[in-house]
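Structure, please.
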Amino acid sequence: MSVRLRVHPETPQRRFVERVGQVLRDHGVVVLPTDTSYALAVMAGSRQGLERVARIKRINPEKKLFSLVVPDLSDIARYALVDNHAYRILRHFLPGPYTFVLPATREVPRILLARRKTIGLRVPDHPVPREVARAAGGALMATTLRLPGDEYALADPDEIEARVGKLVDLFLDCGWGDVESSTMIDLTEGEPVVLRAGAGDVAPFS
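Presented below is the predicted three-dimensional model:
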């Protein structure tokens, strides 16, 4: 059974953040909250961690679009090429329940690209994943905690523990989560294109 830690949703306990950071640096898999649903997360660049997540979700890791979770807007430029137009959009909507697809830089782990040249980036409006990303070295690879055959992401902490507790190393419990994924917006061609409607309002991009 994995370790389940009850984490404060606004001021996460430093000792817990440091503990999960070490687990991630050791290529572990964690469940953590975001401003949308709970997510499965591993340290950026961890092939071992990514392959474990792929087995949990029964997906091909080279075809599934994992996103990068970073602590702040300023961290996006490390992983993506951002022009002035895109930056104005990012500044307006982040932190928030959006994933923005942008041209990737060479800093993006190659295992995330798989013949693509773009990357989805998240700055959640939630302190826990952002602090964990810092503790893990600056970025997390993450995907919605929605299991095969389920229509929605897992939201009940007790159900999360029952269904994936033996498959992950650590579960950061912040109470009930949401069931929706982030809204995904493509900014690679200049004008925004909605790729997936989710928790973020799509009206500004329609």
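
What segments of this protein are strands?
Ranges of strands in the chain, per DSSP state E, are 3-6, 30-32, 39-43, 67-69, 98-103, 118-122, 140-144, 170-173, 183-186, 193-196.

Share the number of residues neighbouring residue 2, please.
19 (other Cβ atoms under 10 Å). To be clear about C-beta, it is placed using only N, CA and C from the backbone, and glycine gets the same treatment.

ok, it to residue 31 distance?
As judged by Cβ to Cβ, to the nearest Å, residue 2 and residue 31 stand 8 Å apart.

shared neighbours of those two, which are they?
By Cβ atoms under 8 Å, 6 or more residues apart in numbering, residue 2 and residue 31 have these common neighbours: 168, 170-171.

I'd like those residues as a markdown table, with neighbour count and distance to residue 190 appended.
Shown next, in a markdown table, are these (neighbours: other Cβ atoms under 10 Å; distance: Cβ to Cβ, whole Å):
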| residue | neighbour count | distance to residue 190 |
| --- | --- | --- |
| 168 | 25 | 39 |
| 170 | 20 | 40 |
| 171 | 22 | 40 |
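
want to throw those residues into CSV with pLDDT and distance to residue 136?
Shown next, in CSV, are these (pLDDT from 0 to 100; distance: Cβ to Cβ, whole Å):
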residue, pLDDT, distance to residue 136
168, 97, 15
170, 97, 12
171, 97, 16
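
residue contacts, the residue nearest the centre of the chain?
When Cα atoms, centre = their mean is applied to the chain, the residue found nearest the centroid is residue 142 (3.4 Å). By Cβ under 8 Å, 6+ apart, residue 142 lies in contact with 34, 39-42, 66-69, 122, 129.

cool, residue 95 as well?
35, 73, 123-126, 130.

mind checking how far it is from residue 127?
9 Å.

now do residue 138
For residue 138, the distance to residue 127 - Cβ to Cβ - is 16 Å.

quick one, which of the two is more surrounded?
Ranked by neighbour count (other Cβ under 10 Å), residue 138 and residue 127 place residue 127 first, with 20 against 16.

ok, that one - contacts?
9-12.

Look up the closest residue to residue 58, ignoring the ones flanking it.
Of all residues not flanking residue 58 in the chain, residue 148 sits nearest, at 4.7 Å (Cβ to Cβ, 6 or more residues apart in numbering).

Quick check: the gap between the one you found and residue 30.
The value you get for residue 148 to residue 30, if Cβ to Cβ is used, is 20 Å.

Give me the more crowded residue out of the two.
Comparing residue 148 with residue 30 by other Cβ under 10 Å, the one with more neighbours is residue 30, at 28 against 8.
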